[in-house]
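Participant: generate a structure from the sequence data that follows.
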Amino acid sequence: MKKKSRQIILASASRRRSDILSSCGIGHEAIPSNIKEIHPAKKHIISSVIKNAERKVRGIYKGIKDTHRASCIIGADTLVALGNEVIGKPVNERDAKNILRKFSNADIDIYTGLFIIDTGTNRFASGYEKSSIHVSDIPEKKIDTYFKKLGISFDKAGGFSIEGAGSIIFDNVKGSYFNILGLPMGKLNSLFSEIDIELLDFCDK
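Facilitator: Below is the predicted model of the structure:
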């Protein structure tokens, strides 16, 4: 199939992931699957982020398949690990502030699972990316200030972004920067290669 006979579908409600694809000139449609994500113990984090990504894809697969549109569906799921604790999305303001306290002067690991499928051939591939980042010391008396200034993302694992004001406290990145944002493009490209599709063919830039 040629490029124009397929379209890219992002099985996600994440604005950030959609923006990353758009920044690469990759036109796509975002369709959230609204599945319930699995939050595992640390030892199962890799298999869980990959499974969550697959479940997001499978959640919209039949609907896309039934339209007879040849599509490449992308699913992604990100979790943060602090030591042996897995950190998901904060549920409220209090939870987000507690996460900031835990992150203070700590090294955290970010895992993103990926799953892709070509509805035209049913070929699929999956994998994950891991990155690490250090968080500066955050004095207790400044927790409220940092919470307000950094900006909370209740749809993001860990709650806070490395972008914008977040760059003040997040430093010493090891691994893929785009993995920390939620969509490791290098790994995504390698998965597309596994199913014999060139991701660059979708880039209009």
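
Participant: buried set for stretch 81-97?
Facilitator: Counting neighbours by 16 or more other CB atoms under 10 Å, one finds that the buried residues in stretch 81-97 are 81-82, 86-90, 96-97. C-beta coordinates here come from the backbone N, C-alpha and C atoms, glycine included.

Participant: can you classify the residue located most distally from the centre of the chain by secondary structure?
Facilitator: In the chain, the residue that sits farthest from the middle, by CA atoms, centre = their mean, is K141; the gap is 31.4 Å. Assigned with DSSP: H, G, I helix; E, B strand; the rest coil, K141 falls in the helix class.

Participant: could you check the distance from the residue most central in space within the chain over to F124?
Facilitator: Residue closest to the average C-alpha location in the chain (CA atoms, centre = their mean): G182, at 2.8 Å. As judged by CB to CB, to the nearest Å, G182 and F124 stand 20 Å apart.

Participant: could you pull out the helices for this structure?
Facilitator: For the chain, the helices identified by DSSP state H occupy 15-23, 45-66, 93-103, 143-150, 177-181, 185-194, in order along the chain.

Participant: the ones you listed: which one's closest to Y111?
Facilitator: Nearest to Y111 among the helices of the chain is helix 45-66 (5.1 Å), distances taken as CB to CB.

Participant: could you say what helices and strands that closest one packs with?
Facilitator: Applying 3 or more CB pairs under 8 Å, 6 or more residues apart in numbering; DSSP states H and E, we find helix 45-66 packed against strand 71-82, strand 107-118, strand 124-135.

Participant: what is the last one packed up against?
Facilitator: Using 3+ CB pairs under 8 Å, 6+ apart as the contact criterion, the neighbours of strand 124-135 among helices and strands are helix 45-66, strand 107-118, strand 170-174, helix 177-181, helix 185-194.

Participant: okay, the helices and strands packed on helix 45-66 in TSV with distance to S18 and mean pLDDT next?
Facilitator: As requested, the helices and strands packed on helix 45-66 are exported to TSV (distance: least, CB to CB, whole Å; pLDDT from 0 to 100):
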stretch	distance to S18	mean pLDDT
strand 71-82	10	94
strand 107-118	15	96
strand 124-135	18	96
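
Participant: done for today, thanks.
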